[in-house]
Every structure is written in C-alpha cells, then in structure tokens.
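A.B. asks: attaching a predicted model along with its sequence, questions to come.
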Amino acid sequence: MEDGAPRKSAVDEVKAQNHRLATQFKARHVYTVTFFCLILVFHVLALYLFCSGFLLSRLVLQDRSECGVPPTDLNTRYTSGSIEKGCWYPKVFDKAVIILVDALRYDFTVPFQPLPGDKQPHYFHNALPVLYETSVQSPNNAFLRPFIADPPTSTLQRLKGLMTGTLPTFIDIGSNFAGTAIDEDNLIEQLYKSGKKVAHLGDDTWHSLFPGYFEPNLTRPFDSFNVWDLHTLDNGVNEHLFPLLEPEMTNKWDVLIGHYLGVDHAGHRYGPDHPEMAAKLRQMDGIFRRVVDMLDESTLLVVMGDHGMDIKGDHGGESDEEVEAALWMYSKRPVFGSQLGHPIEPPPTAKERAVSQIDLVPTLAFLLGLPVPFNNLGQPIPEAFLGTRLSDTPDDAYGSLVDINKLTAWQIWRYQMQYNKARGIEHSATSAPSKRFTTANDEYANYLDDRVGGRHDHVARLYAAYQAENLRICRDLWARFDLVSMSMGITALIGTFALLAIYAQAIKIDRAAITPALLRYGAAGTAGGALLGAVVGSLPSLSLLQLSIFGAVTGGVTATAAGFWPERKMLALPLPSTFWGGLCFLVTLMLCGGFAANSFTIWEDEQLLFILVTFGVLLLGSSLGRPEREDRVLGAIHALSFIVATRLSSLSRLCREEQMPNCRSSYYASATSSTSAAWQLVIPFAVLAVLPSVIASVYARTKNYQGSAVVWIGYALRIGLLMVAGFWVLDVADDGSWFSHIAKETLKTSRVLVAQMVLALAFAAGYATYVMAAPLVDVKQEDVAATEPPAPKALDPDDANGPIFTPLTNGNSTKPKRRIIILGYANMYGTRYLLLPCVWILALQLVQKPMGQGTLALCMISILNVLEIVDANDLRQSSVGPIVLALLGSFYFFKTGHQAALSTIQWESAFIPLKTIRYPWSPLLVVLNSYGAQILCAIAVPAIAVWKVNPKEPGLLGQIAGSMATHILFYAAIATATVVESAWLRRHLMLYRVFMPRMLVAITVLVLVEFVGALVGLVGVRWAVGSVGEVFGWAEE
Amino acid sequence: MEAESTSAKPFEGSGASKPVDILTTQASVFYANLQPVLLLSTIFLSFKTLVKDPVSTLTGLAPPLALVQAIYCVVCLPSSGQAPTQAHKPGQKRKAQKAGQHLWAKITPAFVSTVLTTTLSAPVLYIVVVLFGAPLVSHHPHTFLLALHLALLTTPQLYYVHGLDPTTWLQIASLQVPIDETYGMSLGACVGAWLGAIPIPLDWDRDWQRWPVTVVTGLYIGAVVGKIAGGYVFKGWKIKLS
C-alpha cells in the first residue's frame, strides 16, 4: 500500500499526459484536414486552368445589324430601311406565332416507317399527325423538315442557337441550372428594337436569356425544371395562348412565343415509348389544330422542337436521336414551296433534307422583315421563300431566294471580316469560303445581266454553298483550344499528383507529425507564387488571372515538396514494393491507359467488374493462406460475399448509347423508359430487411453492438429506410396512377414530406448521434476466481483478432476479487467511426432510384467486406484497402444508373425532397444522386486504418491520412490521365461524345471526393478518436 | 505478379513444400517438351475454325486436350504421395511385369485427375468465369467450354501431383506453393486467360473478338509460357502475398 501523495501526483501526471496527448491530437487533426484542403485547392486551380483553355470559347462580337444598313445593296431593286415593309427585303408576314415543343423529335411527327427489327409502331409514333398531314395536303401552306440541333442538346444552348444563329460553345453547358442573359445580336432584341411586341408563354429559360424584352402583361413564365410534372406548364400555356389568338386580342402582340415542356418531361419521366407520351403528343396535335383554325392570313405559325431525345427520353448529348428535332411552318396564304427536284412530301426520316437549327434565324428575319442578326451563321430555308413572289419577277420562284441568299451571305461575310479584325486574323482571299463567295457574286452579276430563266436556282445554290462552307470552317475554328492555359493546367495537375503520391506512398514515418510543416511551407509557397504570378501577369499582353493562378499552384506544390526536404531520409520512392501494392499500381495504370481508347471508356463498367472480381478472388486466395483459422474463415467468407455482391450488382445496368446493341439496360422498367418497374419496389424493402441486420451483425461480432449503435442501426436506420421505401412506393403509385381517388397533389405533398423527414433524420439526428456517441463498448464486472493470476493479460497489439474480452484489473491489483471486462474493446475505433458511413447511407439511399438503392446497399456490404478482409489479411498498411474502395466507388457509380454521358444525369432527383428548384439544394441533390457511391466509399476510407486497431496504436492519424491520400491518389490518377488524354485527343471524332464527358466526370469526382474525404471523413475522425480518447485515454501519436 | 525467391519456409506435414521435378526418363523429358508444342500448335491450327464456330471447335478439342494432359501426368509427373522416382537410372532395365504394374499405378490417378477436372474443376471454374463477368443468361455452351478448357489446362497436373489433401489445396489457392512446371502452367493459364479478356471490348469489329476466342487463346499461350517459366526461370520461387 502506497501513501496518498505520490499516488495523487502519479494520477495528475497521467492526467497531464493525457491532456497533452489530446491537445496534440486535436492540433494535428486540424493541420491534417487543412493540408487535404490545400491539396483540394491545388486541384481546383489546376483544373480551372485546364478547363478555361479546353472548354471551347468563342469571341462574342457586340455589333448589331441595323434595319437601314443592309450588308450589300440589291441594285436599287428594293429600298431598305422600312420597318413596315421589311428592313432589307419585303417582308412576308406581319405577325408570327412560334410554338416550341421541347424535345419534339422528328420521328414523332412523321408516319411510322417499318424497319427490319422494328416492325411495330411505338407509343410515340403516329400520335401527332397534323404537321405531316398539312404538309402533304397543302404544300404551299405548310412544310415539315428535320431540324438538326448543334450539340449540346440542352434547352438553354438550343434557345441561344435558335435566336442568335451562332454555334454553341461547350463552356455554357453547366449553366442549364442558371441561365445568363445573351449579350449578342439576336432575333428577340431585333424584334424589340423595331417596336414589335413579343409575348412569351411557358419555359422561363427565355426570361433569363432575354430579360426585359417581353411584354410584361401578356407574358407568363413557368418554372422549367420540374420534370416530374407533365401538365401544369402545358395547361398554363394553353390557358393564356388561346385568348391571345382571339381576333380582338391579336393587335396586342406581334410575335407570340409558346414553349411547351410536356413532351420533354414525359420523355424524362417515362421515356418516349410510354402511353403518357402518346397522350401528350395527341394533346399537342389538338393544340396545333386549334391554333391553325384561329390563325389569320398575316400570321406565320412555326412549330419546332429544340432537340430530340434518346431512347430513354433524355437529352444533352450528341447522338442522332438527340439532335434530330422537327420544324414545321404554316401559313394561311400559299407562300411556301418545295425546291426543284425535291418530292413534295416531308422526308420520311431525319436523315434526308435536314435543315440546321440556326437556319431559322435568317428565315424568320426575312419572313418578318427584320435585319439578320449580326453573328448569324445560318442560311435561309429555301422552302420558306420559294412561294414568295416579287412583283418584278412574277415567273421566278427562285427570284426572291436568290436575293435573300445573297443578303444572308453578305451578312455572314461582313461578320467574318469583323471577327477576323477583332481576333487579329489576316483575311485570306484564297480560302475556300472566299473563293465560293467570289464565284457566287460573279454568277449573280451574270444573272442580273441576262436574267435567263433556270439560272436562278443555280445562283441561290452558290450562295448557299458559301454559307455551308463558311459554317463548316467556323465549326472547326471554334474548336480552338487555348494550349497555353491547358499546358499550365496539366503541369499543375501532374505536380499536385506527384506531391500527393509522395505524401500517400513515400513517407516512412508518422505522416501526421510532418503535416504541419508541409502545410506551412505549402501555404507560404501558394501565397508567394500567386504574388509572383500577379506581378508577371500585370505586364501588358499577359493574363493576370491566369498567371496568378498558375503561380499559386506551382509555388504551392514546389514549396510543399520542399517541406519534405528535412525528412528526405525518411522517404522512399513512391513505387509499389509488395504484391498488393504492385497489383493496385498495375490496375490503376491499366485503367488510366484505357481511357485513351474510346472502347475502354465506353465499357468501363464491365472492366471495373472484372478488376473488382480479380481483387476479390486474389483476396479470397490470400485469406485461405492465413495461418490463423479464424482469419482464414472470416477473410474467406467476406471475400466470397464481396465477389458475389459485386457480380450481383453488376446486373443493374444502364447502357449508354455506344454500348448498343451489346448491352441490355435493367435499371429502369425498360430500355425506353426512365421509370422504375413495379417489381423494383421490392428492392427498398429488401434493403430495409437486410442492410441494417448485416451492419448490426458486423458490430455484434466484435461485441460493439451497444449503445448508440443499437439506437442508430437498430432503430433509426430501419425507420429511415422504411420511410425511403414508403417514398418510392408513393412515387411509383403516382407514376402508375394506382390511387386514382387520391389527388396527385396530395400524393406529391406527402411524398416530399416523407423525403424531408428522411433527410432530417439522417443529417440532424444522425450527425447528432455520431458526434455525441460514447465508444460502443460495454463494461461488465465479474468475480474472479482466487486462483487466477492477478496480472492483467496484455492485448497483443499485432493481433486484431485476439481476445475481444480484455481483462483489466480494477484499480490496484492487490485485490483481484473482481475484474472489469470491456466488451468490444478490440474494435472501438472502427465501429465508432463506421457510424458515420451508416449515417450517410440513409441520405444517399433516399436519392437513389429503387434499383440504385439495392446496388448502393450492396456497395455498403462490400465496404464492410473490405474492412474485414483487410483486417483478416493484416493489410491495413497496404494500399489495397483504399484502392479497392476507390474502385468500388467508381463501379457503383455505374450501378446506380449512371454513365459518363450527360444524358444519364438523373435531374429529377432534385425533386425528391423539394417541389421547386431551390438553390443550392437542387444541384446538391443531383450531386448526391450522381456520385453517391463515390461519396459513401470516400467516407468509409478512414475505417480501413482504424478497423480493429489496437486503441493504443501510435500514429493512428498519420495512417488515416495515408489511407485517405491513397484513396484520393486513385481518383487523381484517373483525372490526370483523362485530362491529358482529352487534351491529346482534342481533334478526335469522339471527343465530345466519349472523352470529354469522362474527363468531366473524373475531375468532378476528384474534387468531390477530396472535399468529402477531408471535410466529412477526416473531420469525422475527430469524434471517433475523441470519444475513445475521452474515456480510455488518448493514444500516443 | 511479383515473386520472390524465398528460403522455402516449409509447411509442416505437407508435400507441397518443394517444387515438383518432372521424371527423368527419356520419354518424360521428350513428352514434357512436346506438350507445349502440341498445345501451341493446337491453338494455332484450329484458330480459324475456333473463330468461325467456337462451340464445336472447343467441343472437338476437349477430348484430345484431356488426353494430352493425362499423358503428361502419366509420363512426366510423379503421382501424389509418390516420391520423385530417382530409383531408376537412365538406361537401367526393368522387368516387364513390374513396369506394367507401375504403369497401371500411374494411369489410375491420371484417370481420376481427369475425371475430377471435368466434374469438379470445370463447374467451379464456370462459376468463377461467370463471376468475372461472363454472360449470365446467354452463351452458356461457350462459357462452359471455356471453363472446361481452363480446367483441363490448370488442374489435372495438380490433382495428379498433390492429390486431394485439403492443406495442400489451401496452399494452392493462396499461391503459397513453390512454383514449378505444373503450378507455373496453372498460374500461367489463369493469367493468360485474364489477359485474353482485355481485347474483347475494343471496337475493332474483328471476328476473333467473339466470346470466348481471345480468352481461350490467352489461356493456351499463358499455359505454355507459365509452364516454361515455372519449370526453368522461377522454379522454387514463392509468391509473397503480404
């Protein structure tokens, strides 16, 4: 028995030591998280540099065409400048009704053509016959043509093209969420400037593009993004459209624009081959017939689609079905005609006699007597002018077309001269367009001299040929990449990758100990580099922003690398030295290389299955070779489960267009649908029944199914998953109109409410549970037999599967009558931390479609398998765990119904807990839906390093940081590789279809995983380690 | 694959601690060298018909392959439990009766190995091939014949040499057996088949990209390369998994 004083001081000492360790851990933790944020900043800046050079840009000229200033004069055959008669040429119509049917694909409007293998009409066939009927019955009053969109086929980009006549540049694609005003010459502005009153009904995208140009009291904008709603917008447009067509109202407007979204939404929600689509198209048919009846002689009617839809009803890309829209013009007066040698019927497919969407711009401008917008590149549609006759050439159907083509060609010529001047490009008289322009002008002069019949269509075609050649050149030209900016981005990206590789793989000592120094070096270097870059960049003819950013990244990366210098003896080459390291390296290298081939990019989902099963089989083999029987059995069972789960989830497929015909989609009810089948509703309930039990069994095996684990996994997660299942039942019920006696609105409200409750449960209750939870252990007291030796048996730190009952003596060991048994001591950190992925899985499940919920649950089970396998094989230090998790994340991205293609983004997931668009929540929900698997896997990474680790293990934080860095390193490798390969393949035919979408996925995933890994995963470690430290004392770092 | 030469830490009480030497008889040496030639020429000569009609070609090739492998076992390999026969010096004469008995004692295990290969290994490998992503609902004959050929090239020699001792088979599954000709052939066949799957997704639209032509080709080439590498270069090495 000792006396009181030394004992007390010893206790104080322990307390002080503990306090010191706690402070040290917290400080290092903050430094580590900040260091990952710094790497994130490097990546963001590098990617910004690359993208600003790679995503195409076009110089927007501010010039406007003016009514009194035609590009060339027509030898006094017409005096220009009169708004009443027509600016550059006599107008044909006073007024116009322009109806845009979003996603009106050409084959919706023409009679069904049986094809080999497609002999029966689908729901979308023959449901909208009015356009074709009128074009055949009265070809001088109506014509119907395929209307080819310039990709990307997003509505905002299309409206821009349809009103300005310019080609889209890729950089605008992201702005579908928030459109910005068009600041170049366009039809709407021309109408407004010439005093015409433009009324607009429907999709509100128009208002963000053309703010202030519409008659406020006649205009009714509607929210464009609620794709779950097929009818509200269309009915709203109808309600306001028809009154305006009444004779007493027609003097209130000059141009009436109606934008229907029902067809597009039916496509997004159900796919084209669905009764809802047929119903929608029939409704449109009725609307057009009614408009035709109410139309007067001086009004032009235009019906058009802005893009088509793919077989599932989505759009955004550049497949044939997405770009093939329809254009129909109608007039009560017989002013239209068909070209010489063309049949009168509309083309049976979109592959024949198509016009480009930008051709609408000069066509409408001349028909309504407006000047052609300055930047226009489109050519007049011949059919619209072949019936028009000028008084002095009564017999010549081509007479006016020649003049109109000449005016358009001269306008394009004027624009090109101006553009070259602005860009400082020398004009070349020998270029192909210049030659064609000269030829056309010479022939025009001859034509004026002798006016021989039969030459007119020839001259008109020569001008059209110039316009077409010019457009071709422009398409090439505006694929102009800024190679300097791209190279800077690539350099910075590779530098950051090297830095991360050293941090993840080369450090042989405790990472967390040297991270503060690295961070200080890095921050100083970033600031210094930015300053230096800014100084250089402020020189004339250099870009300040570009050089400051480049300076910041290179300075930061170099300085951080310099921070390794004092520890250089503790560094190894970041190359693999073990079997598993080698395999991870090889697989990552193969994937990176594969992205240079479009086939491997297209079939990435199948390769990931192959690779994951390879890992699974080798881990199974490795487990079977473990000396301890327990490790052998545990490892083998989990490896088998991993393999089976992976193959099972591979059955969930959403094929991209390029995979056809070797792929069959199973994600939705059918290949031409985007709704879940009724049987798929079983999946959420199966997840509810299986997933919490599986997680609980893993906790229970190490006696950690206690306290908060029971509360969260046993109750909250089950309740949450039940609500998720309920949500999807309501959704499918709504789709299938199961409860027709309940109002749709009631269903929708209750559905949204359920979803909001799930999110509240996950993020409010779940995070509260995670932050507050005590270590998931139970303390038991037990009488000890007097014969038992009093000394406590130390836990073997190398044996994570050692005794899970760890006897500790109760205070002073002289009275060994009772002892305390801590149940669950062996996996305290692991199970405590794993609560965090268990919190997130609930929110992620909610935003997945039923099929995706099944696969995401399998992903969670696979993560548990990986944790157990890594432990059974003692591979905690190896890169195999973090890399397999990264592969899992990438694999399940595909298995939750996504592809590296814009059209597979599940936009409708924004409406799961919301009725309308709300920023920033709507885009965030789409991100959670798209990258749910990567998010889940990134959050699970720290669990690898702490799973069944000895609670007193030193240097834990450094190992967690190493695992996270390795995990990020995989995504950084993929991102760097795809960036370099897209830059290299920038003239490849498949750039926009295959390589660029994959690159965009890779860079967004990299940024997201770094963000989530640092601010959810690593930050979450703080509470897991903290709660254990508070109770059991802090471990040495 | 990384392999390291280890100072063979022997597994206690198992016959798999040492690499297997092939028998030293003249016939054995001759056939051991003939077998790779046979395998390579088989795949080379039948490649065209394999591309045209994989199912019937692979069906036709299976019995000869089984025979080639069985003869390899009988002629070249020591049977399980039997020490490598050092007893006979080359050229030493044996009694005819004894030789007949001896031969029979070798044919029986070879026959059993072949039966086990077709009835046990082939179905198991069929499941493995499907797990790796082979078509689940179509191409059943193709996949099964691939599994059969995979089985015939990987397992008969191992059954013959190691028998059915569970400990040894755990070692085989966990890559703990020292590399020799037989094990090298099995591993090589697996790696070859694995690599053979890589060209399938390429959009070259060639007939030979058809399932399972590339995998079978990789399998045969891999088996030969593995056999030669295992017998000469890496003999006695052990793969270090962790």
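C.D. replies: That came through fine. Numbering: from 1, shown residues only, chains lettered A, B, ... in the order given.

A.B. asks: tell me the residue of chain B that sits nearest chain A?
C.D. replies: Closest contact between chain B and chain A, by Cβ to the nearest Cβ, is at residue B:174 (2.6 Å). Where you see a C-beta, it was placed from the backbone N, CA and C, and this is true even at glycine.

A.B. asks: who in chain A is up against chain B?
C.D. replies: By Cβ under 8 Å from any Cβ of the partner chain, the part of chain A that sits against chain B consists of A:578-580, A:582, A:597-600, A:602-603, A:606-607, A:609-610, A:613-614, A:616-617, A:620-626, A:632, A:643-644, A:647, A:650-651, A:873-875, A:878.

A.B. asks: which of the three states applies to residue A:822?
C.D. replies: strand (DSSP: H, G, I helix; E, B strand; the rest coil).

A.B. asks: how near is it to chain B?
C.D. replies: The spacing between residue A:822 and chain B, counted by Cβ to the nearest Cβ, to the nearest Å, is 30 Å.

A.B. asks: pull the longest helix from chain A.
C.D. replies: Assignment by DSSP state H gives helix A:4-54 as the longest helix of chain A.

A.B. asks: following the chain past that one, name the next helix or strand.
C.D. replies: As assigned by DSSP states H and E, the chain's next helix or strand after helix A:4-54 is strand A:95-101.

A.B. asks: in the chain, which helix or strand is least confident?
C.D. replies: In the absence of a named chain, chain A is used. Ranking every helix and strand in chain A by mean pLDDT, DSSP states H and E puts strand A:805-809 at the bottom, with a mean of 46.

A.B. asks: try chain B instead
C.D. replies: For chain B, counting by mean pLDDT, DSSP H and E, that's helix B:96-116 with a mean of 79.

A.B. asks: that one: what's the following helix or strand?
C.D. replies: That would be, after helix B:96-116 and using DSSP H and E, helix B:122-131.

A.B. asks: that next one vs helix B:96-116, what angle?
C.D. replies: On the basis of axes from the mean of the first three to the mean of the last three Cα atoms, to 10 degrees, helix B:122-131 is oriented at 40 degrees to helix B:96-116.

A.B. asks: could you give the average pLDDT over helix B:122-131?
C.D. replies: In this model, helix B:122-131 has an average pLDDT of 96.

A.B. asks: the nearest residue to residue A:503 once chain neighbours are set aside: which element?
C.D. replies: Once flanking residues are discounted, residue A:503 sits nearest to residue A:965: 5.1 Å by Cβ to Cβ, 6 or more residues apart in numbering or on different chains. Using DSSP H and E, the element containing residue A:965 is helix A:956-984.

A.B. asks: show me what the helix or strand following that helix is packed up against.
C.D. replies: Sequence order places helix A:996-1012 as the next helix or strand after helix A:956-984, per DSSP H and E. Judged by 3 or more Cβ pairs under 8 Å, 6 or more residues apart in numbering or on different chains; DSSP states H and E, helix A:996-1012 is in contact with helix A:4-54, helix A:880-895, helix A:932-946, helix A:956-984.

A.B. asks: as JSON lines, these with mean pLDDT, distance to residue A:744 and mean neighbour count would be great.
C.D. replies: As requested, those are exported to JSON lines (pLDDT from 0 to 100; distance: least, Cβ to Cβ, whole Å; neighbours: other Cβ atoms under 10 Å in any protein chain shown):
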{"stretch": "helix A:4-54", "mean pLDDT": "89", "distance to residue A:744": "42", "mean neighbour count": "17"}
{"stretch": "helix A:880-895", "mean pLDDT": "97", "distance to residue A:744": "31", "mean neighbour count": "27"}
{"stretch": "helix A:932-946", "mean pLDDT": "96", "distance to residue A:744": "28", "mean neighbour count": "28"}
{"stretch": "helix A:956-984", "mean pLDDT": "96", "distance to residue A:744": "42", "mean neighbour count": "24"}
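
A.B. asks: list the contacts of residue 112.
C.D. replies: Just so you know, I chose chain A. A:121-122, A:125-126 (Cβ atoms under 8 Å, 6 or more residues apart in numbering or on different chains).

A.B. asks: um, chain B though
C.D. replies: Per Cβ under 8 Å, 6+ apart, neighbours of residue B:112: residue B:159.

A.B. asks: same check, this time on the one 4 residues further on
C.D. replies: Listed by Cβ under 8 Å, 6+ apart, the contact set of residue B:116 reads B:155-156, B:159, B:164.

A.B. asks: how about the secondary structure of whatever residue of the stretch 351-500 of chain A ends up closest to chain B?
C.D. replies: For the stretch 351-500 of chain A and chain B, the shortest gap (Cβ to the nearest Cβ) falls at residue A:351, measuring 22.2 Å. Three-state assignment for residue A:351 (three-state DSSP): coil.

A.B. asks: cool, and residue A:302?
C.D. replies: Residue A:302 ends up strand, using three-state DSSP.

A.B. asks: local confidence estimate at the closest residue to it other than its chain neighbours?
C.D. replies: Nearest non-adjacent residue to residue A:302, counting by Cβ to Cβ, 6+ apart: residue A:98, 4.6 Å away. If you check residue A:98, the pLDDT there is 95.

A.B. asks: can you pull up the bridge partners for residue A:98?
C.D. replies: residue A:257, residue A:302 (DSSP bridges).

A.B. asks: so which bits of chain B are right by chain A?
C.D. replies: Close to chain A, as judged by Cβ under 8 Å from any Cβ, chain B has residues B:1-2, B:128, B:130-133, B:136, B:170-171, B:173-176, B:194, B:197, B:201-203, B:239-242.
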